[in-house]
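> Predicted model and sequence follow; I will ask about them next.
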Amino acid sequence: MHEGDGNGSFSNSKRHTLDAATPNVADGKYARQTGFKRHAAIKPTRIGDGAGHDEHMAYVAGLNLPGLDVPPADALEMIAAFELGGQVAHKWCNRALANRAVPERRQEPRTSGRMMGFTFSLGAVLLNVVLSSFVLMLAAASVQKGIVQYFKKQFLDQTFRGLYTPNAFDLALLIPYFVVMVILAGYGLHRYALVYMYYKNQKNRTTEPPSRFDELPRVTVQLPIFNEQFVVDRLVEAICKLEYPRDKLDIQVLDDSTDETVSVASAVVERYAALGHPITYIHRTNREGFKAGALANGMRTAKGEFIAIFDADFVPSEDWILRVVHHFADPTVGMVQTRWTHLNRDYSFLTEVEAILLDGHFILEHGGRSRSKVFFNFNGTAGMWRRQAIEDGGGWQHDTLTEDTDLSYRAQLKGWQFRYVQDIECPAELPIEMTAFKTQQARWAKGLIQTGKKVLPRVFKSDVPWRTKVEAFYHLTANISYPLMIILSTLLLPAMIIRSFGGWFQMLLIDLPLFLASTFSISSFYLVSQKELLPRKWPRTFLYLPFLMSLGIGLTLTNTRAVLEALLGIKSSFKRTPKYRVQSKADRALGQKYRRRLGLVPWLELLVGSYFAVMCWYAYSSENYWTIPFLFLFVLGYWCTGLMSLLQGRWDRFSAKQEPHTKPFPVGV
């Protein structure tokens, strides 16, 4: 039969392929680890039904198992092994895994491989969209009048050519429409520029510090919190586990809370202080300056030469300080930012999409800007500052909602260098509710516009290179696209009606490139970031792309209001993002305490979504099929954000009854 050792092990001198499957083996870890696959031409044969054993399935297949070479005749012996029952089958698969040879990985040039990956990602997205639109168009055309007749009518019929000339009213609608489209396309093309900057300058990637301190410096860790009763104990515990000499570390809990968090935080601090940790509790009652005011207040008593900052939902690793602090051995470095990761990425579909959005920011935006030596920003947490850089930049100021970005630009204008270390991770909690996510995004949108109004004049008057000035402009004004989307939404239907008189081919020739530049640069941008971060799992991002793009559209109303407030100089309070320390579905019930009022925005989102649904119907009835996929993204975006806002928490009481709470209640509450 074969040359073996008599115990069922097979020689490595011949080749055979097999796909073995059992209820416990084939569809589980063995099938994944050994790489068994089923040959399409071979039908499964049921084998074995012995007493006391499970049924087993074996498939003779044409699949190559590296390192396990078996003559073709030995397929019968393998099948016989499965006939004997689960124990023998498991032993056989264990030997297969043990004997499997791991092929040597061939080293490819990094630049060409990654650029190839980016090209493939972009091409795949565009091909997918074009093919989907084309198929939809052909399907609709064939149902109504036939494909050939549709093409003749739309692209070859010259009966009414030259009869229509636009009047003043038409131009009053079309000129703003095209101006908005061109501006949005410009911001979309900038995303391609960020990807180019990321790959072109990959040699500048920051990994290990070029030099190290002979003697570790003193570090202060600041923990600004406000009404964080569910996560403050986890935060303090993680910080007290940091590996750093206690005589060179001091920890400040900067609490502006107005609820039970005060008793929770003070009790936790007292407990860890009694254990010998250098931790102090500082509570303010006026909350002047919000987070920036709390950080500035803590600076008065901070003892460290370097200041590390963590928000309440972050859980840094024990070696975080030791990995970061040595980058400051270079005396020109003023700030080091690390990459956010996500504690609850798999909690829901919403958190998965949020994770992709943040990954794009930290991989390509921060990566591209830092590698290109242009300005980028501290993210408010999971970073460390040199105290002198904070003071040179003018200290923490609270006239914007993004005090972190504001200080970042002021410090860099003073000549301080920033470092972004992509390999150092710091996990945090993602918002689990749509209103919490919209609150966070609106605060960032308003804060960046405020910062742009404040610091861009200084940037353009400075002597920094022009490419730094241009990148700063795109960075700080990107959220202006939200009110432009409102204008585009308003003009889209009348523009479609007016443009139809000029012929659909003209619309396809002019509008499609602008749509692709402004819209699908987003999808390719996030595909590339996921390919960089998850090289084996990134294709699953395709499943989230329509919802990712729709979510960005759905934020338009909320963020437009925030941007207009910033442009008009309307002040507002710092609206924190609720953190719930989610560990199971039952934990969502705790969010009722910090849940914000909905207001009219969700209803307006549903109304605007219905407006775009009418546009989809008009596009279909007027045989403008290629626009339907684009319009459907608007429908999906507005309806999803509106419905998810209205329905959030409606089923909390049912899930709480079905499943006991798994999280220990915070001390003192």
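Here it is on my side, so go on.
> Quickly find the element holding residue 561.
Using DSSP states H and E, residue 561 maps to helix 556-568.
> In terms of secondary structure, what does the next helix or strand after that helix contact?
Following helix 556-568 in sequence order, the next helix or strand is helix 601-621 (DSSP H and E). For helix 601-621, the packing partners by 3 or more C-beta pairs under 8 Å, 6 or more residues apart in numbering; DSSP states H and E come out as helix 481-500, helix 556-568, helix 628-647. For every residue, glycine as well, the C-beta is placed using N, CA and C.
> Send over the first one as CSV, restricted to the C-alpha atoms.
Output of helix 481-500 as CSV, limited to C-alpha atoms (Å, rounded to 0.1, in the frame of the first residue of the first chain):
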residue,chain,number,x,y,z
SER,A,481,-17.2,69.1,2.6
TYR,A,482,-20.2,68.5,4.8
PRO,A,483,-22.1,71.7,4.0
LEU,A,484,-21.0,71.3,0.4
MET,A,485,-22.7,67.9,0.5
ILE,A,486,-25.9,69.6,1.6
ILE,A,487,-25.7,72.0,-1.3
LEU,A,488,-25.0,69.1,-3.7
SER,A,489,-28.0,67.2,-2.2
THR,A,490,-30.3,70.2,-2.9
LEU,A,491,-29.1,70.8,-6.4
LEU,A,492,-28.8,67.2,-7.6
LEU,A,493,-32.4,66.6,-8.6
PRO,A,494,-32.9,69.9,-10.6
ALA,A,495,-29.5,69.4,-12.1
MET,A,496,-30.4,65.9,-13.3
ILE,A,497,-33.6,67.3,-14.9
ILE,A,498,-31.8,70.1,-16.6
ARG,A,499,-28.9,68.0,-17.7
SER,A,500,-31.2,65.4,-19.2
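> Contacts for it, please.
Contacts of helix 481-500 with the rest of the structure, by C-beta atoms under 8 Å, 6 or more residues apart in numbering, involve 166, 170, 173-174, 176-177, 180-181, 183-184, 187, 445, 506-507, 511, 553, 555-557, 559-560, 562-564, 608, 611-612, 614-615, 618-619, 622, 624, 627, 631, 634.
> Buried residues, the longest strand anywhere in the chain. List them.
If you go by DSSP state E, the chain has its longest strand at strand 417-428. Burial within strand 417-428, assessed by neighbour count using 16 or more other C-beta atoms under 10 Å, is assigned to 418, 419, 420, 421, 422, 424, 425, 426, 427, 428.
> Just the mean pLDDT for it, thanks.
For strand 417-428, mean pLDDT is 96.
> Now do the buried residues in the helix or strand just after it.
Using DSSP H and E, the helix or strand that follows strand 417-428 in sequence is helix 434-461. Within helix 434-461, the residues that count as buried by 16+ other C-beta under 10 Å are 434-452, 454-456, 459.
> Stretch 282-294 now?
Here stretch 282-294 shows 282, 284, 289, 290, 291, 292, 293, 294 as buried, counting by 16+ other C-beta under 10 Å.
> ok, now stretch 260-268?
261, 262, 264, 265, 266, 267, 268.
> neighbouring strands for the longest strand of the chain, and are they parallel or not?
strand 333-342 (parallel) (DSSP bridges).
> Would you mind listing the outside residues contacting the partner strand?
Here strand 333-342 has contacts from 320, 324, 327-328, 351, 354-355, 358, 362-363, 366, 376, 378-379, 382-386, 388-389, 392, 408, 411-412, 416-430, using C-beta under 8 Å, 6+ apart.
> With distance to residue 466 added, can I get the buried residues of strand 417-428 in TSV?
Shown next, in TSV, are the buried residues of strand 417-428 (distance: C-beta to C-beta, whole Å):
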residue	distance to residue 466
418	19
419	23
420	22
421	27
422	27
424	32
425	34
426	34
427	38
428	35
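> Pull the number of nearby residues for the spatially closest residue to residue 460 that is not a sequence neighbour.
Leaving aside its chain neighbours, residue 460 sits nearest to residue 469 (5.7 Å; criterion: C-beta to C-beta, 6 or more residues apart in numbering). Residues near residue 469, counting by other C-beta atoms under 10 Å, number 16.
> Kindly report the domain assignment for the chain.
18-99, 114-200+482-655, 208-436 (automatic domain parsing).
> before we move on, which element is residue 390 in?
According to DSSP H and E, residue 390 maps onto helix 387-392.
> Helices along the stretch 201-350 of the chain, start to end?
Assigned by DSSP state H, counting those that start in this stretch, the helices in the stretch 201-350 of the chain fall at 232-240, 261-274, 290-299, 320-325, 349-360.
> Now do the buried residues in the shortest one.
Right, helix 320-325. For helix 320-325, by 16+ other C-beta under 10 Å, it's 320, 321, 323, 324, 325.
> Please tell me I have it right and the third one contacts residue 424.
Right, the one you point to is residue 323. Yes: if you go by C-beta atoms under 8 Å, residue 323 and residue 424 touch, sitting 5.3 Å apart.
> quick one: low-confidence ranges for this protein?
1-165, 500-512, 583-598, 649-669 (pLDDT under 70).
> same thing but 50
1-131, 133-138, 140-143, 589, 651-669 (pLDDT under 50).
> who's in contact with residue 270?
Applying C-beta under 8 Å, 6+ apart, one finds that residue 270 lies in contact with residue 281.
> From residue 612, how far out is it?
56 Å (C-beta to C-beta, to the nearest Å).
> Ok, residue 273 next?
Distance of residue 273 to residue 612, computed by C-beta to C-beta: 57 Å.
> Between the two, point out the one with more neighbours.
Shown here are residue 273 and residue 612; by other C-beta under 10 Å, residue 612 has more neighbours (23 against 15).
> returning to what we had before: so what does the helix holding residue 390 touch, helix or strand wise?
Applying 3+ C-beta pairs under 8 Å, 6+ apart, we find helix 387-392 packed against strand 306-309, strand 333-342, helix 403-413.
> how about the ones you listed in a markdown table, adding mean neighbour count and distance to residue 372?
Output for the helices and strands packed on helix 387-392, formatted as a markdown table (neighbours: other C-beta atoms under 10 Å; distance: least, C-beta to C-beta, whole Å):
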| stretch | mean neighbour count | distance to residue 372 |
| --- | --- | --- |
| strand 306-309 | 24 | 25 |
| strand 333-342 | 23 | 15 |
| helix 403-413 | 25 | 13 |
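> any chance of those in CSV, plus distance to residue 574?
Below are the helices and strands packed on helix 387-392 laid out as CSV (distance: least, C-beta to C-beta, whole Å):
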stretch, distance to residue 574
strand 306-309, 15
strand 333-342, 20
helix 403-413, 9
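> which stretch among those comes nearest residue 193?
helix 403-413 (19.7 Å; C-beta to C-beta).
> Show me the contact partners of that closest one.
With contacts defined as C-beta under 8 Å, 6+ apart, helix 403-413 is touched by 291-292, 295, 334-335, 375-380, 389-390, 392-397, 399-400, 418, 447-448, 450-451, 454-455, 458-459, 462, 464, 472, 476.
> Just the buried positions in stretch 194-214, please.
Buried positions in stretch 194-214, judged by neighbour count with 16+ other C-beta under 10 Å: 194, 195, 197, 198, 199, 201, 206, 209.
> Equivalent analysis for stretch 482-499, please.
Buried residues in stretch 482-499, counted by 16+ other C-beta under 10 Å: 482-493, 495-496, 498-499.
> now swap in stretch 383-398 and tell me
383, 384, 385, 386, 387, 389, 390, 392, 393, 396, 397, 398.
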